[in-house]
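Asks: Need coordinates for the below:
(chains A and B)
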Amino acid sequence: MATRELDSPSRRGFLTATAAIGGGLLLGFGLPARSEVRDTLTTDAPFAPNAFLRIDRTGKVTFVSPMIEMGQGTYTSLPMLIAEELEIDVDAIAIEHSPADDKVYANPAIGIQMTGASKSIRGFYGPLRQAGAAARVMLVTAAAQGWKVDPSACRAESGTVVHTASGRKLGYGALVDAAAKLPVPEKIALKEPAQFKLIGTPHRRLDCAGKVDGTAKFGIDTRLPGMKFAVLAQSPTFGGKLRAVDEAKAKAVRGVSQVVRLDDAVAVVASHTFAAKQGLAAANPQWDPGPNAKVSMTDIVGQLARPSEKPGAVARHEGDAARVIAAAAHKVEAVYEQPFLAHATMEPMNCTVQITKDGCDVWVGTQVPGMTQAAVVKLTGLKREQVRIHNHLLGGGFGRRLDYDGTVRAVQIAQQVSGPVQVIWMREEDIQHDMYRPHYYDRISAGLDAQGKPVGWSHRIAGSSIIARYYGPAAVKNGVDRDAVEASANQPYDVGAIHVDYVQQEPPAGMHTSWWRGVGATRGTFVVESFMDELAVGAKRDSLAYRIALLDKQPRAKNVLQIAAEQSGWGKPLPAGRGRGIALCIGFGSFVAQVVEVNVAKNGAVNPTQVWCAVDCGVQVNPDTIRAQMESGIVFGLSAALYGEITIKDGRVEQTNFGDYRVLRIHETPRIDVVLVKNLEAPGGIGEPGTSCVMPALTNAIFAATGKRIRKLPVADQVRETV
Amino acid sequence: MITLNVNGTLRNLDIPDDMPLLWALRDVLNMTGTKFGCGMGLCGACTIHIDGFPTRSCVTPVSAAANKRITTIEAIGNTSAGKKVQAAWLALDVPQCGYCQSGQIMSASALVAANAKPSDGDIDAAMAGNICRCGTYPRIRAAIKKAAGDKEV
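Replies: Numbering: from 1, shown residues only, chains lettered A, B, ... in the order given. Reported below is the predicted structural model:
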């Protein structure tokens, strides 16, 4: 994939080059042809049957993708849906990032233009097949009218329409002018799964060519004539204000042109990032630390622990769990804690802005172009059509780019700068001013009968409400943040009487919480699946058999558990210091089970050696993408479970960079085996459940290996401390 | 003024001697294939070759590269090892978000050029400095083995 700028060489010229490069590679290695990805806002095709498709007179098909590519493979799986019904070669599709539009490009499963919540396939599985089919019907009708035959006597095939009886054939390019004059058919029969040629068959990613030769364009790669570079510092303490900067010293650095002061931040503008960075150091910003100057983790955890002793807003209540637990033969109770987490996308936060008399152009990679545009409209007072969001490939999303704080900052700075400016966050700024996954504090208890079967279950979750901040407090109904109780209120096990409630408690003002890969399912699954393991231990039962016995109403969950267990050799003895742990995640419309095998060294060092993963996500669009997302989710989850933790001291984040915010590296990565379950259930999401499932599978494995129950993440040195 | 040999082309640049190569490439020469990740040599996203050796450009001043051959992702495909590595990367669909992959490919190309049959331990040693948040490590490992096993391309 080559990301093309608007002023790039002509399409024809590019195609010629593509054919040569792609053709050569195809002969040599059987590689796909290069696909093309472009910025938005161009239209030169006569046939645009809907917002997602354009076909020009050469027959070239352009897909305007409502969802953005951030690694999850959506720039391959969504085109597959189009191509399946349009009867074209997937590799020939050019892809454009969609412009900001919360209506035209809304994800139907979400309601706005958002790439997230593992909902791209779930939202577009129907609509994009419809879009492809509508275009096909119009092209076939146009050909049939030209030939004066009945459309039913014609068929679409590999980018052409064929009159079956006579063998006459016309390419789509020759038909687009006639097709464009036809009405768009409203209802079209889509293919039955048995007719699928593409859906369900692994297809190489369309976005890889540019990602192996350096030509793929991320937001940070934006280069404009006369563009300046700005490095910023925001108040290191949450809620602090800028007090003073040494502007003269900053400007003495060669290349520095300007110091931009904001209420709670400062940016140094220069001819290149190095000068801007040096200028910022020379500016030596002084801060008024504000009201949180003394806040530490003890305060924050205390603010969660105390209110969680009292009842919260009820998320689920069936039977009298408190009474049943009190009267049960055996009672198990525990407190679980999960830390603040940063996203640490490989591409640090950045945004390029140019404000002119005509409006504001924003070059950025975002999961929410429409919300980003609305935020800039609000900040600048411009009209919506004057704010142009040029989306880019995302150098990692994981939820971080569901927020537009970086764009707001960049526009605030650009308002004081003449000409285009790229605002870039150094890694330290990126880690210390993230929108963090909340710190959660859970109290959970269960009563078991004499046979060890659960008869009552009580679970209280205390933590920040992301929904209240992100969508507004009105989105939190009856005091329950539905994300915070996800995978907890709707946990799948038959546990008898059940009570789940939620206590909202926010961190210090100025510290923001947000979505992080797996969202509520990641938080809830860790607690529920860890506690289920505790119950199995309390009941002296095998933890797989114990789960299976409580999942009579969940055949798909049972199935993935059994597959993962079987793959792993569950039950076979292991040498001392090794253990297997199992966990289940039902979320995003998918069912995932994983077994982690861990080796714990004599000094307590924890090393996950292998993960077996079974996934049932219903209809599979691109099976290899599902495997890749399970691998990805597992590595991401292991990073967090083993090391991930943002801590606060003196009102500021203690971690700064990959040295102290550690993530998994290649030598620490276990072998990962993924088994896909085939069926025709509705498609489920696959970007997140792999992450949610692996954390408790890991800590359950640590228990199996050592007898040490991890109730507080990350694992860090907890096992070392016990040996 | 400093003269840099970037991908075989001599470039005269009026920049400070202590400017990290990363910013010279990205901001002065507009060669954006080399990525900024951490600025401290911790993540490997900025990896380039200096005289064939994988080097973190974010902590290497331009003065250290004077009179040496600088190779970046934009030209690594002109080397035998780089070409094989890129082909293996494509064949196994290694990239996800893709942001770290320039650096991964530069580190992997140096390994494959120097070691015809890298073991898992060799791969760990050569690649442990390159972080991938998408977790493409299993495919990186497989692709390096594939690239090393491929005949000349």
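
Asks: Show me how far the one helix or strand residue A:591 maps to is from its chain's centre.
Replies: Using DSSP states H and E, the element containing residue A:591 is strand A:590-600. When distances are taken as CA atoms, centre = their mean, to the nearest Å, strand A:590-600 is centred 21 Å away from the chain's centroid.

Asks: likewise stretch A:81-99?
Replies: That offset, for stretch A:81-99, works out to 22 Å (CA atoms, centre = their mean).

Asks: cool, stretch B:33-41 as well?
Replies: With CA atoms, centre = their mean, you get 11 Å for stretch B:33-41.

Asks: Quick check: end-to-end length of that stretch?
Replies: By CA to CA, to the nearest Å, the extent of stretch B:33-41 from end to end equals 17 Å.

Asks: who's in contact with that stretch?
Replies: A:213-215, A:218, A:220, A:273, A:277, A:346-348, A:395, A:424, A:426-427, A:657-659, B:20, B:22, B:25-26, B:43-48, B:56-59, B:72-74, B:99-100, B:102-103, B:129, B:131 (CB atoms under 8 Å, 6 or more residues apart in numbering or on different chains). To be clear about C-beta, it is placed using only N, CA and C from the backbone, and glycine gets the same treatment.

Asks: Just the mean pLDDT for it, thanks.
Replies: Per-residue pLDDT values over stretch B:33-41 give a mean of 98.

Asks: Stretch A:624-643 now?
Replies: 98.

Asks: Phi and psi next, for residue A:317.
Replies: phi -150, psi 110 (degrees, to the nearest 10).

Asks: Identify the bridge partners of it.
Replies: Per DSSP bridges, the residues bridged to residue A:317 are residue A:499.

Asks: Run through chain A and note the low-pLDDT ranges.
Replies: Counting by pLDDT under 70, chain A shows low-confidence ranges at A:1-44, A:723.

Asks: Residue B:150 versus the residue in it positioned nearest to chain B, what's the distance?
Replies: Distances between chain A and chain B by CB to the nearest CB are smallest at residue A:214, namely 2.2 Å. Going from residue A:214 to residue B:150 by CB to CB, to the nearest Å gives 21 Å.

Asks: So these two - more neighbours on which side?
Replies: residue A:214 (24 against 17; other CB atoms under 10 Å in any protein chain shown).

Asks: Now do that one against residue B:31, distance only.
Replies: 8 Å.

Asks: What of residue A:209?
Replies: 18 Å.

Asks: who has more neighbours, these two?
Replies: Ranked by neighbour count (other CB under 10 Å), residue A:209 and residue B:31 place residue A:209 first, with 28 against 21.

Asks: all strands for chain B, in order.
Replies: B:2-6, B:9-13, B:47-50, B:53-56, B:69-71 (DSSP state E).

Asks: Need the winner for burial among those.
Replies: strand B:47-50 (a mean of 25; mean count of other CB atoms under 10 Å in any protein chain shown).

Asks: can you tell me the residue of chain B closest to chain A?
Replies: residue B:33 (2.2 Å).

Asks: which residue packs closest to that residue, ignoring adjacent ones?
Replies: residue A:214 (2.2 Å; CB to CB, 6 or more residues apart in numbering or on different chains).

Asks: Could you say which helix or strand holds that neighbour?
Replies: Using DSSP H and E, residue A:214 falls outside every helix and strand.

Asks: Kindly list the longest helix within chain A.
Replies: The helix spanning the most residues in chain A, taking DSSP state H as the definition, is helix A:120-147.

Asks: Distance from it to the middle of the chain?
Replies: The answer for helix A:120-147 is 29 Å, by CA atoms, centre = their mean.

Asks: Check stretch A:67-79 too.
Replies: 11 Å.

Asks: End to end on that stretch, go ahead and measure it.
Replies: Stretch A:67-79 end-to-end distance (CA to CA) = 11 Å.

Asks: Quickly note the distance from residue A:306 to residue A:381.
Replies: 44 Å.

Asks: higher neighbour count, those two?
Replies: residue A:306 (13 against 7).
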